[in-house]
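J.: fold the following, please.
(2 chains)
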Amino acid sequence: DAGVTQSPTHLIKTRGQQVTLRCSPKSGHDTVSWYQQALGQGPQFIFQYYEEEERQRGNFPDRFSGHQFPNYSSELNVNALLLGDSALYLCASSPKIAASYNEQFFGPGTRLTVL
Amino acid sequence: AQSVTQPDIHITVSEGASLELRCNYSYGATPYLFWYVQSPGQGLQLLLKYFSGDTLVQGIKGFEAEFKRSQSSFNLRKPSVHWSDAAEYFCAVGARAGNMLTFGGGTRLMVKP
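T.: Model (predicted):
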């Protein structure tokens, strides 16, 4: 049973560019959350997708957008990249959002470097 | 708003010694609490979780944590640390399972031989 997978592993972009990160949830999971982890800090919640809709959003600007596909996989898009967007981007999946006593499983992350 | 504080940024212990990592949370209702471990360049692995019931919870790799509502704490403990435990540890709180998590800043654990 494959866990949460993310691609690419590493990415280097320049300021002003746009980037797309991808995530495939763990089998049987339909909810995907994205987190940003800056160097030396804890992860910060960006947003969560369920049934192809954004359900919750953290304190991130509109430059950060996402999408969830019918197969539950998800993309994170960041426009007009800033140096401060350099971070490890983590994807987490969980079973049905309405269920109790479930946990989020994290992928290995995508390391984004903005030059 | 929920928040998590991990007062210790770095902790160094000798191999075989006991370990306690502190976590204090702020949340208005009964929280869902988690401890995750992150090795360099890796994602997060769940060590243990507290949802309800017994306030002492057991996790993987010999870790345990105790929920103390009166102190708003969820400290992680291990009786005997192994060199392979060196990593970054994060405490997190959620409004409910599967919902967004709020993480602390992390505690980096170093293990001396």
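J.: spell out which parts of chain A neighbour chain B.
T.: A:4, A:31, A:33, A:35, A:40-45, A:48, A:56, A:58, A:90, A:92, A:94-97, A:99-109, A:111 (Cβ under 8 Å from any Cβ of the partner chain). Using the backbone N, CA and C atoms, a C-beta is placed for each residue, glycine as well.
J.: of the residues you listed, select the buried ones using a PyMOL command.
T.: A single PyMOL command is used to select the members of those judged buried by 16 or more other Cβ atoms under 10 Å in any protein chain shown:
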select buried, chain A and resi 4+31+33+35+42+43+44+45+48+58+90+92+94+95+97+102+103+104+105+106+107+108+109+111
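J.: which of the residues of chain A next to chain B fall in strands?
T.: A:31, A:33, A:35, A:44-45, A:48, A:56, A:90, A:92, A:94, A:105-106, A:111 (DSSP state E).
J.: contact partners for the closest residue to chain B within chain A?
T.: At 3.5 Å from chain B, residue A:42 is the closest residue in chain A, using Cβ to the nearest Cβ. Residue A:42 is in contact with B:4, B:90, B:92, B:103-106, counting by Cβ atoms under 8 Å, 6 or more residues apart in numbering or on different chains.
J.: identify the bridge partners of the nearest residue to residue A:25 once chain neighbours are set aside.
T.: Excluding the flanking residues, the one nearest residue A:25 by Cβ to Cβ, 6 or more residues apart in numbering or on different chains is residue A:93, at 3.3 Å. Per DSSP bridges, the residues bridged to residue A:93 are residue A:32, residue A:105.
J.: do I have it right that residue A:93 meets residue A:27?
T.: No - shown here, residue A:93 and residue A:27 do not form a contact pair, counting by Cβ atoms under 8 Å, at 9.3 Å.
J.: which one's more surrounded, those two?
T.: Neighbour count, other Cβ atoms under 10 Å in any protein chain shown: between residue A:93 and residue A:27, residue A:93 has more, with 27 against 11.
J.: burial check on the closest residue to chain A within chain B, number of neighbours?
T.: Closest approach between chain B and chain A, counting by Cβ to the nearest Cβ: residue B:103, at 3.5 Å. By other Cβ under 10 Å, the residues close to residue B:103 number 22.
J.: ok, residue B:60 next?
T.: Close neighbours of residue B:60, defined as other Cβ under 10 Å, add up to 10.
J.: how about the residue nearest to the residue of chain A closest to chain B when sequence neighbours are not counted, what does it touch?
T.: Sequence neighbours aside, residue B:103 is the residue nearest to residue A:42 in space, at 3.5 Å (criterion: Cβ to Cβ, 6+ apart). Contact analysis of residue B:103 by Cβ under 8 Å, 6+ apart lists A:42-44, B:4, B:36, B:90-92.
J.: now swap in residue A:37 and tell me
T.: A:43-44, A:87-90, A:109.
J.: quickly list what it is bridged to.
T.: Beta-bridge partners, per DSSP bridges, of residue A:37: residue A:88.
J.: roughly how far apart are it and residue B:69?
T.: Using Cβ to Cβ, to the nearest Å, residue A:37 is found at 29 Å from residue B:69.
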